[in-house]
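Asker: Got a predicted structure here, sequence first:
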Amino acid sequence: MAKETFPFSAATLKSLQRQREQLEDEERRRAVRSQCLNRRFLPECRPSCQPTRRFLPECRPSCQPTNRRRQYCRDTAIHNALYTGDVDRIKGIFKEDGSADVLVETVTEELQWSPEMGLFSLTPKKSHTSPLRITAGRGYSECVRHLICRGANPNTIAGGRGALHDSCEGRHVECTRLLLSRGANPNLQSEDGLAPLHLCTTKETLDCAKLLLEYGAIVSLPCHYTRATPLHVASVRGLEEHVALYLSLCADPCARNREGETPLNAACSACESPQHFERYLRVAEMLLKAGGDAGMPGKKGHGPLHNASSNCHLRLAQMLLDHGASVNVTNSAGYTPLDCALQVCSDYPECKPHQLVQTLLNHGATPPNIKTWRCCAASPLAFEILLNSYDRIPPGDSWVEVVPTEIWEEHLTFYQSVLQVTNQPRRLQHLARCAVRSQYKDQCHRAIPELRLPAALTAYLMLFPEGLIH
């Protein structure tokens, strides 16, 4: 008996591919971190942690290395006071100078596979943080103020992060301001290589980002491992105000991460949902105006136009074409932007994919081979536009089997007309259209309207669909 299978949509395959790549990136980062386990860093001794006039003298963190062994706090009562922000209890617990410079240790049990036993077993796992991280990450500003005055170092890395990372990620502006005013390094990188500015990933973190930059955060500081800049992060999240802020401070719109992606590539790749098309369009517009390269290839040779076409974002693709993106450039798999657009016709019916196909063809896209027809055959409008870009329809009906029955029946007249003209001479009118389009090539979108022909003839030359193949 044959195995039952089911097809994955292009969007599903892309999502699965992204998940696999994220897992591979995480494995690489873990490998790099494991090589650094024998190194001991003193984050609080970074150059940017020198005392400034912003520090309060009585709470100034020490930047000198100490030989004092770090103390661990395992008392659940103290943990509860920190996690609930009980400022009175915290003041009673951390009463002496230096008492707040401790590590909070928790032990949890996780299911892990045991090869020796051949089953999953509960394995205790220790994790560490600091009182300052706990309170700053939850917005307890009074607790943060007291802990710093009792010796908590704002630049201590505990459990892979500093307190400033948590306060920025948690969108706690007052805690961020307090940490920075007491000497927190705005460029302190976590064990994952992230600076606090990389963790400003929502629109609510804009004020935290402004504070970081005011206190000396480097706007184009790359992540140590991924080489992504804050502009990459803001672009991939579609954060318009963050992007405008970073660009106003001369962030590099052409910076490339470890995979070769620019912020523009990141934005074009991330706008997968039609409900977010508008804000990603505005982000891309800002990046292009700031000098972003519309044709710079990124991951696996995928350029911004490939990404916009894969997401069926017509206006974004048009903007990229207007800024010089090449319509026939291929990625590492040999696909052009038109190939990418045809592959998602069935996934984005509400985005009118036929208009994107028409736009690419009118900008000089080379029609693909017959194998690609299977991708768009179930989208009659896009299929008609594509077929009318050929001077004749070559033999082959393998595309028929991918058209769902309900769509075939709804557009029966169109599909029958396609089969009738397959491998047959096309009408003289169509051949004249092909000759005109061949004359203007990638300027069809601009030259044909300037001919001032009747509207119906202009529409015919521009490949507007009619519902039949002649």
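Answerer: Thanks, I have the structure now.

Asker: going forward, measure contacts and count neighbours with C-alpha atoms only.
Answerer: OK.

Asker: just the helices in the stretch 351-470 of the chain please.
Answerer: In order along the chain, the stretch 351-470 of the chain carries the following helices (DSSP state H, counting those that start in this stretch): 353-362, 373-376, 380-387, 405-410, 412-421, 428-440, 444-447, 455-461.

Asker: quick one: the longest one to chain centroid distance?
Answerer: Here helix 428-440 shows a centroid-to-chain-centroid distance of 41 Å under the convention Cα atoms, centre = their mean, to the nearest Å.

Asker: Phi and psi next, for Leu179.
Answerer: The phi and psi torsions at Leu179 (degrees, to the nearest 10) take the values phi -60, psi -40.

Asker: and the helices of the stretch 351-470 of the chain, which is most packed in?
Answerer: helix 353-362 (a mean of 24; mean count of other Cα atoms under 10 Å).

Asker: List the contacts of that helix.
Answerer: Residues from elsewhere that reach helix 353-362 (Cα atoms under 8 Å, 6 or more residues apart in numbering): 309, 312-314, 317-318, 327, 337-338, 341-342, 344-345, 367, 379, 381-383, 385-386, 389, 441-445, 462-464.

Asker: Make a ChimeraX selection of the buried ones in those.
Answerer: Selecting just the buried residues from the contacts of helix 353-362 in ChimeraX takes one command, with 16 or more other Cα atoms under 10 Å as the test:
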select :309,312,313,314,317,318,327,337,338,341,342,344,345,367,379,381,382,383,385,386,389,441,442,444,445,462,463,464
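
Asker: Look up the closest residue to Gln189, ignoring the ones flanking it.
Answerer: Ala195 (4.4 Å; Cα to Cα, 6 or more residues apart in numbering).

Asker: Can you name the residues that contact that neighbour?
Answerer: Residues in contact with Ala195, defined by Cα under 8 Å, 6+ apart, are His165, Pro186, Asn187, Leu188, Gln189, Leu221, Cys223.

Asker: gap between it and Arg315?
Answerer: Taking Cα to Cα, to the nearest Å as the measure, Ala195 falls 34 Å from Arg315.

Asker: Kindly report the same for Asp397.
Answerer: Taking Cα to Cα, one finds Asp397 at 33 Å from Arg315.

Asker: Also Asn80?
Answerer: Counting by Cα to Cα, the gap between Asn80 and Arg315 amounts to 52 Å.

Asker: how's the protein carved up into domains?
Answerer: For the chain, automatic domain parsing gives the domain ranges 69-216, 219-330, 336-470.

Asker: Now those domains in CSV, please, with extra columns for mean pLDDT.
Answerer: Converted to CSV, the domains of the chain look like this (pLDDT from 0 to 100):
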stretch, mean pLDDT
domain 69-216, 90
domain 219-330, 95
domain 336-470, 93
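
Asker: quick revisit: what is the most widely separated pair among the contacts of Ala195?
Answerer: Maximum pairwise distance among the contacts of Ala195 (Cα to Cα): 14.8 Å, between His165 and Leu221.

Asker: what angle sits between the helix or strand where Ala317 lies and helix 353-362?
Answerer: Secondary-structure assignment from DSSP states H and E places Ala317 in helix 314-322. Helix 314-322 and helix 353-362 meet at an angle of 10 degrees, taking axes from the mean of the first three to the mean of the last three Cα atoms, to 10 degrees as the criterion.

Asker: which residues touch the closest residue to Ser310 other than its chain neighbours?
Answerer: Using Cα to Cα, 6+ apart and skipping residues adjacent in sequence, the residue nearest Ser310 is Cys340, 5.0 Å away. Residues touching Cys340, when contacts are defined by Cα under 8 Å, 6+ apart, comprise His306, Ser309, Ser310.

Asker: could I get these as CSV with distance to Ala100 and secondary structure?
Answerer: Supplementary listing: these in CSV, determined by distance: Cα to Cα, whole Å; DSSP: H, G, I helix; E, B strand; the rest coil:
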residue, distance to Ala100, secondary structure
His306, 53, helix
Ser309, 54, helix
Ser310, 52, helix
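
Asker: tell me the SS of Phe120?
Answerer: Phe120 carries the three-state label strand when classified by DSSP: H, G, I helix; E, B strand; the rest coil.

Asker: Count the residues that sit near it.
Answerer: 12 (other Cα atoms under 10 Å).

Asker: How about Leu321?
Answerer: One way to gauge burial is a neighbour count; for Leu321, by other Cα under 10 Å, it gives 18.

Asker: for Ile90, same thing?
Answerer: As a burial measure, Ile90 scores 20 neighbours (other Cα under 10 Å).

Asker: Please apply the same query to the one 5 residues further on.
Answerer: Counted by other Cα under 10 Å, the residues lying close to Lys95 total 14.

Asker: show me what contacts it?
Answerer: Shown in contact with Lys95 (Cα under 8 Å, 6+ apart): Arg150.

Asker: ok, it to Val87 distance?
Answerer: 12 Å.

Asker: wait, doesn't Ser389 sit right on Arg433?
Answerer: No: using Cα atoms under 8 Å, Ser389 is not in contact with Arg433, being 9.1 Å away.

Asker: before we move on, back to that, can you put the contacts of Ala195 in JSON lines and add distance to Thr106?
Answerer: Rendered in JSON lines, the data for those read as follows (distance: Cα to Cα, whole Å):
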{"residue": "His165", "distance to Thr106": "20"}
{"residue": "Pro186", "distance to Thr106": "28"}
{"residue": "Asn187", "distance to Thr106": "28"}
{"residue": "Leu188", "distance to Thr106": "24"}
{"residue": "Gln189", "distance to Thr106": "23"}
{"residue": "Leu221", "distance to Thr106": "33"}
{"residue": "Cys223", "distance to Thr106": "28"}
